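**Student:** Following is a predicted model, sequence given first.
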Amino acid sequence: MLGTYQVELRLGPHVIIADEPAEVGGQGSGPSPFDLLCGALCACTSMTLRMYANRKAWPLERVLVQVAHRRDAEAQRDVFDRRITLQGPLDEIQTQKLLDIAQRCPVHRALSENSLVLTELDAA
């Protein structure tokens with residue numbers, strides 16, 4: 001049986017338990033919804049940069065991406081602070097191009113452009 005805020009996510013053949021942290025009433029047994037969203041941005045950024053570098057045959061050895069979420073109360077919006085580390089003997093032009101490409105990863109675009117969520121209720 002799942003806890004109060006635990007949710008079992010079935011993503012194709014994968015099963016992930018999402019939960020809220022203990023300080024807000026969850027059990028902290030899995031990533032929170034915003035943790036999952038940050039993880040999606042990390043994964044998409046890394047994969048997008050890797051694909052681009054591979055196509056160009058650039059010497060990108062490793063991509064590290066960290067994303068933190070915060071709420072900007074004054075601007076009344078969510079902010080995702082992303083830090084990218086590129087490892088490998090890349091020149092300045094390659095590095096800058098990869099940073100530009102990071103802005104075009106599909107999850108980045110979904111978060112920063114005019115997305116639309118359509119909700120419909122299914123009968124139980």
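**Tutor:** Here it is on my side, so go on.
**Student:** Ramachandran angles for the residue nearest the centre of the chain?
**Tutor:** Geometric centre of the chain, nearest residue: residue 41, 2.0 Å, by CA atoms, centre = their mean. In terms of degrees, to the nearest 10, the main-chain angles of residue 41 are phi -70, psi -40.
**Student:** now residue 109
**Tutor:** According to degrees, to the nearest 10, residue 109 has phi -60, psi -40.
**Student:** Which parts of the protein belong to which domain?
**Tutor:** Split into domains by automatic domain parsing, the chain comes to 1-31, 32-112.
**Student:** To residue 123, which of the ones you listed lies closest?
**Tutor:** With CB to CB as the criterion, residue 123 lies closest to domain 1-31 of the domains of the chain, at 20.4 Å. Heads up, the C-betas are built off the backbone N, CA and C, glycines and all.
**Student:** what comes up buried for the closest one?
**Tutor:** 5, 18, 19, 20, 26, 30, 31 (16 or more other CB atoms under 10 Å).
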